[in-house]
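Asks: Got a sequence here, can you build the structure:
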Amino acid sequence: MGSRIAKLIVSLRSAEFPVWNTCDGPAISPELRIRGLTEETQSMALFALNPFEPGCSFTTWIIWNLQPAPVIPEDIPSQGHVTAPVDAIQGTNDYGTLGWRGPCPPEGETHRYLFKVYGLDAMLDVPAGAGKHDLIGAMQGHVLGFGETVAMYSR
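Replies: The predicted model follows:
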């Protein structure tokens, strides 16, 4: 008998990325707001996906062991172990780099990014630089809440 997964409400500043989150600016990671975290939540994990890139789950950001909080702040540095502005661990995205990779669609195209946030009942023992499959495997059996949101960027 499985337990029910709580619905998290995830939002960004707007439905369209500001230039500072993209390749046309400094490409800093976006701020996300989360509501609905339960008292049992011990950590959060986040995946950002660009379904317009090859493969349906092209990952542009993987971060976990975030403390449960109503805001994931922007401008998280692109390094494995992060201590400011939050404590977290980041993995290798599908570009082969650590941290956030901002939208950079070809001229004349609009790309949509999907953000998936998970509330977990534990901190995960996954090393910095790990890939999405390692993180997904470690999350199994630990998900207490889930929510998602989208943002777009046009060039």
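Asks: So the spatially closest residue to His142 that is not a sequence neighbour versus Thr60, what's the distance?
Replies: Spatial nearest neighbour of His142, chain neighbours left out: Leu120 (4.5 Å); criterion: C-beta to C-beta, 6 or more residues apart in numbering. Every residue, glycine included, has its C-beta placed from N, CA and C. Distance from Leu120 to Thr60, counting by C-beta to C-beta, to the nearest Å: 21 Å.
Asks: now Val71
Replies: Taking C-beta to C-beta, one finds Val71 at 20 Å from Thr60.
Asks: Of those two, which one has the most company?
Replies: Thr60 (23 against 11; other C-beta atoms under 10 Å).
Asks: contacting residues around that one?
Replies: Contacts for Thr60 (C-beta atoms under 8 Å, 6 or more residues apart in numbering) come out as 48-50, 93-95, 100-103, 113.
Asks: pLDDT score for it?
Replies: If you check Thr60, the pLDDT there is 94.
Asks: so which helix or strand takes in it?
Replies: Using DSSP states H and E, Thr60 sits within strand 59-66.
Asks: I'd like to know which elements the very next helix or strand once past that strand is packed against.
Replies: Later in the chain than strand 59-66, the nearest helix or strand by DSSP H and E is strand 71-72. Applying 3 or more C-beta pairs under 8 Å, 6 or more residues apart in numbering; DSSP states H and E, we find strand 71-72 packed against strand 32-35.
Asks: which other residues reach the next helix or strand after the strand it packs on?
Replies: Counting by DSSP H and E, the element after strand 32-35 in chain order, helix or strand, is strand 43-49. Strand 43-49 is contacted from outside by 32, 34, 37, 57-69, 72, 100, 113-120, 122-124, 132, 135, 139, using C-beta under 8 Å, 6+ apart.
Asks: what angle do strand 43-49 and strand 59-66 make?
Replies: With axes from the mean of the first three to the mean of the last three C-alpha atoms, to 10 degrees applied, the angle from strand 43-49 to strand 59-66 works out at 180 degrees.
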